[in-house]
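>>> Structure here, sequence nowhere to be found:
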């Protein structure tokens, strides 16, 4: 069942906005929340990095989403679970054991969000024709980015506003502020669930998916999983996927804590609202611009032509954090420009990463191989992130960001190891 333009526009934007929001809450906003609640950088980096695990292993349960119920069912069910998880966060943040309880709800959000990703991406292919899928790919990407700005930017700004509003004797009531923020977000997901219950189509292919044999699907998945690791040059492929963002994985976990920490700890002492502006709004906008430029450049001359320059782009701008940690500027414009430069470079360099995942996934079982690649991609972020907080507390921010520059070396090494067709990615291909 294909949708006309009006029908598709009624659900594609909202579906991918809904897909992006819980991911950014789990991966980024959780770091800011725990920093504001006084958790150490070691624990923040370790425990929030573990939350990547559902995205690492989601290819393993994707056959279940394909066979048990419809993808429409899974979309709606996981949206309800995400709303419930956000409500659980709102209720547990003000408690004495908030760290353990909130982590449990973040795990619920992570698994629900990863399952929603599987169902939504599958539903997109079933609900639209090939032509419509190509036509709306920019729309889905744009609304996914809007979700990131909403999560890291607007909701963090809202939490900062509540921090100043819910104050006793001039002291911000941080638990109440964040509890109210998550409660509002939970209500938003309830509205999105109700909206999608009415507007999501019922593609015939989605209904027939319930009749597939699960043993057959698992057997096919095992075959495709094995075929991925039998590719020529698989060692270089896996090394590239795991190590391309080795430096960025560590930086991304400590960027927000660095912005928030007091000057006596080597941080910039920004308020929650200022972090929402600098990292969640300016940063995400520059990240998006970098990604758009990267796509344009690859379409002009191909991935191989731009690979080295994109490796530079994702790594070299990390030097701005060395500058910030040494100078400790108090000018918000200077900080915003520095963070914007780093995020622009990340967006530009990340283009090469995603294009390479597409490149190595080509051929038979392309969708399944791409899912395996994205699982390895999440693993490449999870493992370095786990020890980054401990390393930062051992070295201090200034020395840690110097280490981040040293940690860019594996990215250059693995980029030299891979082989890419000179024509891949060019628009005339």
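Yep, it's here. Computed from a predicted model, the values in this text were never measured in an experiment.
>>> so residue 357 sits right up against residue 377, yeah?
Yes: with contacts counted by C-beta atoms under 8 Å, residue 357 reaches residue 377, the gap being 6.9 Å. Any C-beta I mention is one placed from the backbone N, CA and C, and that applies to glycine too.
>>> intersection of neighbour lists for the two?
Any residue near both residue 357 and residue 377 by C-beta atoms under 8 Å, 6 or more residues apart in numbering counts here, and that gives residue 241.
>>> what about residue 397, neighbour count?
24 (other C-beta atoms under 10 Å).
>>> Could you report the neighbour count for the closest residue in space to it that isn't next to it in sequence?
Setting aside the residues directly before and after it, residue 397 is nearest to residue 266 in space (C-beta to C-beta, 6 or more residues apart in numbering), at 3.9 Å. By the other C-beta under 10 Å criterion, the neighbourhood of residue 266 contains 19 residues.
>>> Contacts only, for residue 266.
Contacts of residue 266 were listed using C-beta under 8 Å, 6+ apart, and they are 258, 325, 328, 396, 397, 398.
>>> Just give me the closest of these to residue 343.
Closest to residue 343 out of the contacts of residue 266 is residue 258 (14.2 Å), distances taken as C-beta to C-beta.
>>> how far away is that closest one from residue 279?
The spacing between residue 258 and residue 279, counted by C-beta to C-beta, to the nearest Å, is 10 Å.
>>> between these two, which one's more packed in?
Using other C-beta under 10 Å as the criterion, residue 258 and residue 279 rank with residue 279 on top: 26 against 23.
>>> So the more buried one versus residue 195, what's the distance?
Taking C-beta to C-beta, one finds residue 279 at 29 Å from residue 195.
>>> Kindly report the same for residue 402.
Between residue 402 and residue 195 the computed distance is 48 Å (C-beta to C-beta).
>>> What are the boundaries of the strands in the stretch 151-300 of the chain?
Counting by DSSP state E, counting those that start in this stretch, the segments of the stretch 151-300 of the chain that form strands are 167-168, 171-172.
>>> ok, of these, where does mean pLDDT dip lowest?
Out of these, strand 167-168 stands lowest, with a mean of 63 (criterion: mean pLDDT).
>>> need the contact list for residue 360.
Residues touching residue 360, when contacts are defined by C-beta under 8 Å, 6+ apart, comprise 231, 237, 369, 373.
>>> and the nearest residue to the second one once chain neighbours are set aside, what pLDDT?
Counting by C-beta to C-beta, 6+ apart, the nearest residue to residue 237 once its immediate chain neighbours are dropped is residue 360, at 5.3 Å. Residue 360 carries a pLDDT score of 85 in this model.
>>> what does residue 422 give?
82.
>>> and what of residue 299?
82.
>>> how far away is it from residue 361?
Here residue 299 is placed at a distance of 18 Å from residue 361 (C-beta to C-beta).
>>> okay, those two: which has more neighbours?
Under the criterion of other C-beta under 10 Å, the comparison of residue 299 against residue 361 puts residue 361 first, with 19 against 15.
>>> list the contacts for that one?
367, 369, 370, 373.
>>> Residue ranges in the stretch 151-300 of the chain under the pLDDT threshold?
When residues are selected by pLDDT under 70, those of the stretch 151-300 of the chain lie in 166-171, 207-214, 217.
>>> residue boundaries of the helices in it?
For the stretch 151-300 of the chain, the helices defined by DSSP state H, counting those that start in this stretch occupy 155-165, 174-199, 204-208, 214-228, 234-243, 246-260, 272-277, 283-301.
>>> quick one, which of the ones you listed is nearest to residue 51?
Distances from residue 51 to each of the helices of the stretch 151-300 of the chain were compared using C-beta to C-beta; the shortest belongs to helix 246-260, at 11.1 Å.
>>> quick one: that closest one to helix 234-243, angle?
In terms of direction (axes from the mean of the first three to the mean of the last three C-alpha atoms, to 10 degrees), helix 246-260 departs from helix 234-243 by 0 degrees.
>>> if we can go back for a sec, could the contacts of residue 266 be laid out in a markdown table, adding distance to residue 413 and secondary structure?
A markdown table is the format used below for these (distance: C-beta to C-beta, whole Å; DSSP: H, G, I helix; E, B strand; the rest coil):
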| residue | distance to residue 413 | secondary structure |
| --- | --- | --- |
| 258 | 27 | helix |
| 325 | 26 | helix |
| 328 | 33 | coil |
| 396 | 27 | coil |
| 397 | 26 | helix |
| 398 | 26 | helix |
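>>> tell me the contacts of the closest residue to residue 28 other than its chain neighbours?
If you skip the residues right next to it in sequence, residue 28 has residue 152 as its closest partner in space, 5.2 Å away by C-beta to C-beta, 6+ apart. Residue 152 makes contact with 24, 28, 29, 276, 279, 280, 281, 283, 284 under the criterion C-beta under 8 Å, 6+ apart.
>>> next one: residue 84
Here residue 84 is in contact with 108, 186 (criterion: C-beta under 8 Å, 6+ apart).
>>> 10 Å - rerun?
With contact set as C-beta atoms under 10 Å, 6 or more residues apart in numbering, residue 84 has these partners: 105, 108, 109, 112, 186, 189, 190.
>>> Is it part of a helix or strand, or is it coil?
Using DSSP: H, G, I helix; E, B strand; the rest coil, the three-state assignment for residue 84 comes out as helix.
>>> With that, I have no additional questions.
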